[in-house]
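*Asks:* Generate a structure from the sequence data that follows.
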Amino acid sequence: MKRSLPRRADQRPPRESAARPARHQRKAEEKVHGIRACEALFARRPQDIVRVYVTARRKPAFARLLEHCARERKGFQIVEEENLERLTGSLHHEGIAILAKALRQLDLAGLLHGIEAGRITGPLLYLDGVQNPHNLGTILRTAAHFGAGAVVGAEGELPPLSAAAMRVAEGAAEHVPVAALANAGSDLVRLRKSGFQLVGTTSHAGDPLWTAPLEDATRLVLVMGSEGEGMSRGIAKACDRLVQIPGTGVVESLNVSVACGIVLAEVRRRG
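*Replies:* Model (predicted):
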């Protein structure tokens, strides 16, 4: 969230290049590392596990996972810390990594179907120009805590749901789906026609969050702009309402993941 004027719709930030898959890793697979992320993956979709890598010090904590691998004939290896660091490309692997089928990203049809079927409930978070994968991980964790239904963004603009993002999410990536909209403008209009109110957040305009008249919390799309540029002009125009988080004004803006937490906490407080 930034005080400067919203960027034009055609001013898109450069896309981040996705990391190349490791040797023996198919494009439809991903390596997940970190204790909470791996625990959540095992709990939610054990059938998607392909191979497990664990250090000797973490072996007792993941005994059930290794028993599952042996029973289901899934590969697993006990590896040294430095080998796991090389396999994950991270110093923060926490002694465990799982190669698994990649999480499926939703499109608009999948998002609407999940809402209609009652599998996706709660407000939606729309990220406009947010590029940092670590911010995505933190936002997913916050979204899971406050009961958001999904994290949404424009196709090609959402940061990748990378191993680092999933580790930072602390397991939340298994609970909060990510949806990419092929045509963000018209797809947001479609969500409005489905009964959603579009609420944009900004640091320089709009009603104070604490008193803003927000409708049914389960039918909200909360639009969060990037810290550097704010919301794009077209998305800001599409919003039904703009709100701001009151503060001292000493700093220009809040980190987008912090702003998400404040907004979602207020929406949940209203029930």
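*Asks:* Tell me the first helix or strand C-terminal of the lowest-mean-pLDDT helix or strand in the chain.
*Replies:* For the chain, counting by mean pLDDT, DSSP states H and E, helix 233-238 ranks last in confidence among helices and strands (a mean of 89). Following helix 233-238 in sequence order, the next helix or strand is strand 241-244 (DSSP states H and E).
*Asks:* what comes up buried for that next one?
*Replies:* Leu242, Val243, Gln244 (16 or more other C-beta atoms under 10 Å). Just so you know, the C-beta spots here come from the backbone N, C-alpha and C atoms, and that holds for glycine as well.
*Asks:* Over to stretch 110-118?
*Replies:* Gly110, Leu111, Leu112, Gly114, Ile115.
*Asks:* ok, which pair from the residues you listed is furthest apart?
*Replies:* Spanning the widest gap among the buried residues of stretch 110-118 are Gly110 and Ile115, at 9.8 Å by C-beta to C-beta.
*Asks:* any residues in contact with both of the two?
*Replies:* Counting by C-beta atoms under 8 Å, 6 or more residues apart in numbering, Gly110 and Ile115 have no contacts in common.
*Asks:* returning to what we had before: out of the buried residues of stretch 110-118, name the ones that lie in helices.
*Replies:* Gly110, Leu111, Leu112, Gly114, Ile115 (DSSP state H).
*Asks:* thought the second one was touching Val151?
*Replies:* No. Using C-beta atoms under 8 Å, Leu111 and Val151 do not qualify as a contacting pair, with a distance of 10.6 Å.
*Asks:* list the residues that contact both of these two?
*Replies:* Leu124, Pro177, Ala179.
*Asks:* Out of the residues you listed, which end up buried?
*Replies:* Leu124, Pro177, Ala179.
*Asks:* and the last one, which of the three is it?
*Replies:* Reducing the assignment at Ala179 to three states with DSSP: H, G, I helix; E, B strand; the rest coil gives strand.
*Asks:* Dig out what it forms beta bridges with.
*Replies:* Leu106, Val152 (DSSP bridges).
*Asks:* surely it meets Arg104?
*Replies:* No. Applying C-beta under 8 Å as the test, Ala179 and Arg104 come out as separate, 10.3 Å apart.
*Asks:* Can you tell me which helices and strands the host helix or strand of Gly200 packs against?
*Replies:* Element membership of Gly200, judged by DSSP H and E, is strand 197-201. Judged by 3 or more C-beta pairs under 8 Å, 6 or more residues apart in numbering; DSSP states H and E, strand 197-201 is in contact with helix 184-193, strand 220-225, helix 233-238, strand 241-244.
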